[in-house]
Each structure stands twice: as C-alpha cells, then as structure tokens.
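> model this:
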Amino acid sequence: MVADQRSMVQEVLAPPAISGRHLVKNYGPHRALAGVDIDVRRGEAVAIVGPSGSGKSTLLHVLAGIVPADAGEVCLAGSRIDELSEARRSELRRSEFGFVFQQGMLVDELTAEENVALPMLLGGTSRAEAMQAARYWLDRLGLAGRHRSMPGELSGGQAQRVAIARALAHRPTVVFADEPTGQLDSRTGAEIMDVLLEICAETNAAILVVTHDQELASRATRSIRIRDGRIESAVLTA
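Presented below is the predicted three-dimensional model:
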C-alpha cells in the first residue's frame with residue numbers, strides 16, 4: 001500500500017509528458033491559438049474538441065513540433081523542445097512521438113508490416129528487429145494474417161489499425177491522433193478509439209486526440225473544448 005501511494009505521488013510530481021505554455025499561432029490575420037496552456041501526463045488520454053477552425057489541429061501540430069508557435073513554449077517531460085533545430089525535432093518525432101491521422105497516411109507501395117516498421121527503420125533499428133516488432137503489433141491489433149497485405153487490400157478500419165500499430169511500435173512517450181476515426185463508420189470508429197485508448201493505457205503513453213465526435217471524446221480521461229484559439233472548458237470524463 002505504501003509503495004502504491006509513493007508511486008502515485010511520484011506520478012503527480014513528475015513533469016507532464018507533453019505541455020504547452022502561452023501558445024500563440026497566427027496564420028496571417030487569423031489567430032489560430034491565442035495563449036493556450038495544456039498539460040498531458042503519461043497514461044492519460046486527452047480529447048480536444050471544438051468547431052471547425054477553432055485551433056484543434058493547430059494545437060496538436062504545435063505540440064508535436066510539426067509547426068512552430070509564434071510565441072510560448074513546448075516541453076517534453078519538462079525539457080523545452082520548441083527551441084530545438086528542425087533536425088532534432090524530426091528525430092524526436094521518430095523516437096518519442098507516434099502519429100495517427102484521419103487518412104491513415106500509409107505508404108501504398110509497402111505491405112502492412114513494412115508500413116509499421118518504416119519509422120523504426122528510419123530511426124536506425126535493424127530490419128529484423130523492426131519487422132519483428134511490426135508483426136507483434138499487427139497481431140496485437142487483430143491483424144494476424146494480414147502482415148503482407150497492401151493498403152489497398154485493407155478495409156478502412158484495418159488500415160487505421162495498421163496506422164495505430166505504426167504509431168505504437170516504437171513505444172512512444174506521446175501519441176498524437178488527428179481525427180483518427182473521421183473516415184470510419186460510427187461502430188468501427190468506436191472500436192478503433194477503444195483499441196487506441198486501451199493500448200496507450202497499457203504502454204503508459206500520453207495520448208492527445210483531436211475529434212469532432214463528442215461520444216468518442218467522452219471515452220478519454222479529459223475533454224478540452226477549444227473555441228477561437230482559446231480553451232473554453234476542460235472536463236474530466238473518466
């Protein structure tokens with residue numbers, strides 16, 4: 001019991017897996033982010049909701065280092081990453097971050113297992129080790145027997161499971177998911193969201209999910225609503 005309490009205290013005191021402070025991002029005259037503060041801890045799933053154009057995807061892209069903020073700072077486990085070079089941020093995206101996008105973004109010319117292994121290979125993992133990890137995660141996500149399938153041979157739900165396997169195979173600190181169920185029917189979308197949340201909890205990854213779907217957002221630990229580039233509300237959902 002004492003050990004469990006100590007672990008809980010250490011988790012609370014540990015810096016967030018990913019955090020943003022006073023984040024501002026402008027696109028011409030449009031202010032996409034207007035001073036956003038956000039923390040996401042390991043093992044926590046945070047859903048970002050709001051109307052189109054509210055700044056949801058911009059916030060995800062700024063936290064992931066895909067686009068730079070005009071002001072503010074982004075920290076990974078307490079260390080600033082917004083001041084790093086683009087080369088170093090690219091390295092972090094390969095090693096510490098996992099990504100799941102609305103379209104899956106699979107490489108059409110590669111098999112399912114090759115798609116999952118690709119980020120690991122680019123990061124310097126041996127082919128044998130990367131392919132072994134790819135097969136493990138495809139099996140874990142219910143795709144045993146589809147290792148050699150091409151993206152065009154997969155259903156939308158299967159392709160998105162490949163994308164999730166690719167995001168998780170290198171055991172990232174943070175998983176960013178931008179409308180991961182946007183192209184799927186409601187039943188398949190719910191299944192994909194459940195798989196994503198279950199495995200992120202299992203691996204203690206932090207997850208940030210941008211979604212328009214309030215029902216899917218309710219499955220996360222917290223739901224944060226953004227409007228006009230500002231956080232309007234934050235609600236514990238689990």
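
> Identify the residues contacting stretch 80-87?
65, 68-69, 72-75, 89, 92 (Cβ atoms under 8 Å, 6 or more residues apart in numbering). From N, CA and C alone the C-beta is placed, and that goes for glycine too.

> And those residues, which of them are buried?
Buried members of these, scored by 16 or more other Cβ atoms under 10 Å, are 65, 69, 72, 74-75, 89, 92.

> Please enumerate the strands of this protein.
18-27, 30-40, 45-49, 71-76, 79-80, 97-101, 174-178, 206-210, 222-227, 230-236 (DSSP state E).

> any chance of those in CSV, with mean pLDDT too?
Listed next are these as CSV, based on pLDDT from 0 to 100:
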stretch, mean pLDDT
strand 18-27, 97
strand 30-40, 96
strand 45-49, 94
strand 71-76, 97
strand 79-80, 94
strand 97-101, 91
strand 174-178, 94
strand 206-210, 94
strand 222-227, 94
strand 230-236, 88
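
> Distance to Ser149 added to those, as a markdown table?
Shown next, in a markdown table, are the strands of the chain (distance: least, Cβ to Cβ, whole Å):
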| stretch | distance to Ser149 |
| --- | --- |
| strand 18-27 | 33 |
| strand 30-40 | 33 |
| strand 45-49 | 29 |
| strand 71-76 | 34 |
| strand 79-80 | 39 |
| strand 97-101 | 19 |
| strand 174-178 | 22 |
| strand 206-210 | 26 |
| strand 222-227 | 35 |
| strand 230-236 | 40 |
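
> Looking at those, which is nearest to Arg148?
strand 97-101 (21.9 Å; Cβ to Cβ).

> Which positions within that closest one qualify as buried?
In strand 97-101, counting by 16+ other Cβ under 10 Å, buried: 97-101.

> Dump these to JSON lines, plus distance to Asn204.
Listed next are the buried residues of strand 97-101 as JSON lines, based on distance: Cβ to Cβ, whole Å:
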{"residue": "Phe97", "distance to Asn204": "15"}
{"residue": "Gly98", "distance to Asn204": "13"}
{"residue": "Phe99", "distance to Asn204": "18"}
{"residue": "Val100", "distance to Asn204": "18"}
{"residue": "Phe101", "distance to Asn204": "23"}
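
> Identify the farthest-apart pair in those.
Phe97 and Phe101 (12.6 Å).

> So, low pLDDT: which residues of the chain?
Confidence mapping of the chain against pLDDT under 70 gives the ranges 1-13, 104, 238.

> longest helix in the protein, by residue count?
helix 186-203 (DSSP state H).

> so what's the spatially most central residue of the chain up against?
Nearest residue to the geometric centre of the chain (Cα atoms, centre = their mean): Phe176, 1.6 Å. Applying Cβ under 8 Å, 6+ apart to Phe176 gives the contacts 60, 63-64, 97-100, 207-208.

> Kindly recompute the last result at 6 Å.
60, 64, 99, 208 (Cβ atoms under 6 Å, 6 or more residues apart in numbering).

> does it have beta-bridge partners, and which?
Phe99, Leu208 (DSSP bridges).

> what's the answer for Ala34, then?
Beta-bridge partners, per DSSP bridges, of Ala34: Val24.

> how close does the residue nearest to the centre of the chain get to Val67?
12 Å (Cβ to Cβ, to the nearest Å).

> re the thing from before, just the buried residues out of the contacts of Phe176, in ChimeraX syntax.
Here is the ChimeraX command that picks out the buried ones among these, judged by 16+ other Cβ under 10 Å:
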select :60,64,99,208
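
> what two of the contacts of Phe176 have the greatest distance between them?
Across these (Cβ to Cβ), the longest gap, 10.5 Å, separates Phe99 and Leu208.

> now for the strands of the chain, which one comes closest to Asp139?
Using Cβ to Cβ, the nearest of those to Asp139 is strand 97-101, at 17.9 Å.

> Thanks a lot, see you next time.
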